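[1] Structure for this input, please:
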Amino acid sequence: MLSTGSSTKTISRFELRNTDDEVPATEPALKDIAANRTQRRALIVGTGRDRGALAAARSLRRAGWFVGIGTPDSGGMLGASRACEAHHPVPRPRHDGAAFVDGIRQAVEAGAYDVVFGGGDDWMAALAEYRSDIPTLVAHPDAGVVEAALDKVRLAEYAAKVGLAAPSTELATDQAVRDWRGPVVIKCREHWSPGQTRPHRIEAKLFPDITAAASQIRRIRQAGAQPVLQQVIRGGLGALIGVFHEGRLGGRTQQVSTRLWPTPNGASARAETIPVDEELACKAEALLSELGWHGLVELQFLTGDDGVPYLIDLNGRFFGSMALANAARPGLTDAWGRLLLGEPVPRLDDARTGVRYTWLAGDLRRAFVERRRGLVADVGDTLAWSRRAQHSIWDPRDLGPTLNLALGRFARGK
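    The predicted structure is shown next:
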């Protein structure tokens, strides 16, 4: 089941080399690939369009790992990267999970992977849920811990226990809907649960009042999920990132986002690293300890004019602005993997501040909508920012993902 669409490449376990240094080798037989134990071997499962997974794969490859991917599609931009050396068909974790688990098993058998990472919330949660059926290390915490972290209502309750502010969040019962006043954010309580049949996640959406939100509440219920009502927080998006191990957050990276797409409540189109807020970091460590978390984590906050950061999300997998964390504090994913393997990891210092990030495609689309100081000025500002920033996808050493996206959009436009 190993698809070898690109040449297989190997380097010494202890060499730290960039992908542009690599020279494709003659493709060995499958058994030879599995027998090569001089490298740590990681399997990333998710979709072929996952920007966070792409950044993680590049980071792991530069740290000397052999990286394989498992996707339900042809591999997309992720499979087009030089960092990804093998592709395996792995179905989405839906229905009873049997096809998903079988795909993982075949991938692990083919690639002899040491550890498997989930690229999205559903992939992470499914790996945790079916851990006992997966014949290699699962990177994520136990299923109960992941479930609590992804549950919007329970996460807010955990935050309150440790003194972290969080928006008021409650299940959208009939009574709660009748009692709600003012604007509201409608979310799914969880983005995945065992037996799920809906193909895609339903994103959070802001409404001016509960009446306008009625159709979204019905949509979520009809999809078999639980809608929640969340207080609207007006503020800037930020995040605290690191690898949580034995009660401490290592490799701390704090960022603020200055442009979002979709606007005004989407993902980071621009971001920049800032000094770590020690009080916030202390409360974050208390939260993660209370949850029983370990491994990579991104805690997202909205901070308003009052300066109070409100916890809105916990991402325990590769996230959209992962490329920024890699640039400002290299080695987070490598450290996570090595800790899972029981290997010693050097002290993870805080990230450099002032490192910039761009998701250029998203930022350009935002500029065409927002037109700050006019369309030409906004597009010019977007391009100027991108010249001094770490890109989400573009990398001159690894052009495959950019070309894959461009060709895909060209084909769809015909």
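
[2] So what sits opposite residue 138 in the bridge?
    residue 116 (DSSP bridges).

[3] Do I have it right that it meets residue 131?
    Yes: using C-beta atoms under 8 Å, residue 138 is in contact with residue 131, at 4.8 Å. (C-beta placed from N, C-alpha, C; glycine too.)

[4] For the two, work out which one has more neighbours and name it.
    residue 138 (22 against 15; other C-beta atoms under 10 Å).

[5] which SS class is the residue positioned nearest the centre of the chain?
    Residue closest to the mean C-alpha point of the chain, counted by C-alpha atoms, centre = their mean, is residue 319 at 2.2 Å. Using DSSP: H, G, I helix; E, B strand; the rest coil, the structure places residue 319 in coil.

[6] so what's it up against?
    By C-beta atoms under 8 Å, 6 or more residues apart in numbering, the contact list for residue 319 reads 52, 239, 241, 298.

[7] tell me the contacts of the first one?
    The neighbourhood of residue 52, defined by C-beta under 8 Å, 6+ apart, consists of 119, 317-322.

[8] again with the third one
    With contacts defined as C-beta under 8 Å, 6+ apart, residue 241 is in contact with 251-255, 296-299, 319, 325, 332, 351.

[9] helix or strand for it, which one?
    strand 236-245 (DSSP states H and E).

[10] Only alpha carbons, please: show that strand as PDB.
    Extracted in PDB, the C-alpha atoms of strand 236-245 (Å, rounded to 0.1, in the frame of the first residue of the first chain):
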ATOM      1  CA  GLY A 236      -7.400  40.700  18.600                       C
ATOM      2  CA  LEU A 237      -6.500  37.000  18.000                       C
ATOM      3  CA  GLY A 238      -3.300  35.700  19.700                       C
ATOM      4  CA  ALA A 239      -1.800  32.400  20.700                       C
ATOM      5  CA  LEU A 240       0.600  30.700  23.100                       C
ATOM      6  CA  ILE A 241       2.400  27.700  21.700                       C
ATOM      7  CA  GLY A 242       4.800  25.100  23.000                       C
ATOM      8  CA  VAL A 243       5.500  21.500  23.900                       C
ATOM      9  CA  PHE A 244       4.000  20.600  27.300                       C
ATOM     10  CA  HIS A 245       6.000  18.000  29.200                       C
END
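
[11] Direction included, what does it pair against?
    Assessed with DSSP bridges, strand 236-245 is paired to strand 248-261 (antiparallel), strand 295-303 (antiparallel).

[12] Of the ones you listed, which is nearest residue 40?
    Taking C-beta to C-beta, strand 295-303 is the member of those nearest to residue 40, at 15.6 Å.

[13] neighbours around residue 64, how many?
    18.

[14] quick revisit: single out the most deeply packed of the strands paired with strand 236-245.
    With neighbours taken as mean count of other C-beta atoms under 10 Å, the strands paired with strand 236-245 reach their highest mean count in strand 295-303, at a mean of 23.

[15] who's in contact with that strand?
    139-141, 167, 233-245, 249, 280, 284, 287-288, 309-319, 332-333, 336, 339-340.

[16] among the residues you listed, which ones are buried?
    139-141, 167, 233, 235, 237-245, 249, 280, 284, 287-288, 309-319, 332-333, 336, 339-340 (16 or more other C-beta atoms under 10 Å).

[17] show me the residues around residue 239 that make contact.
    254-255, 257, 271, 298-301, 319, 321.

[18] before we move on, the earlier item: take the contacts of residue 52 and lay them out in a markdown table including pLDDT.
    Listed next are the contacts of residue 52 as a markdown table, based on pLDDT from 0 to 100:
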| residue | pLDDT |
| --- | --- |
| 119 | 96 |
| 317 | 97 |
| 318 | 97 |
| 319 | 97 |
| 320 | 95 |
| 321 | 97 |
| 322 | 98 |
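
[19] what's the farthest-apart pair in the residues you listed?
    Among those, 119 and 321 lie farthest apart (C-beta to C-beta), at 14.5 Å.

[20] Report how many residues lie close to residue 96.
    Residues near residue 96, counting by other C-beta under 10 Å: 10.

[21] Looks like it contacts residue 195 (just checking).
    Yes: using C-beta under 8 Å, residue 96 is in contact with residue 195, at 6.6 Å.

[22] now the strands: where do they sit in the stretch 51-200 of the chain?
    66-71, 86-89, 115-118, 137-138, 169-171, 184-188 (DSSP state E, counting those that start in this stretch).

[23] Contacts for the longest one, please.
    Contacts of strand 66-71 with the rest of the structure, by C-beta under 8 Å, 6+ apart, involve 10, 36, 39-48, 53, 57, 60-61, 75, 78-79, 83-90, 103-104, 107, 111, 113.

[24] measure the residue nearest to the centre of the chain to residue 257 for me?
    To residue 257, residue 319 is 12 Å away according to C-beta to C-beta, to the nearest Å.

[25] next one: residue 277
    Distance from residue 277 to residue 257, by C-beta to C-beta: 15 Å.

[26] which residues of the chain score low on pLDDT?
    1-37, 413-414 (pLDDT under 70).
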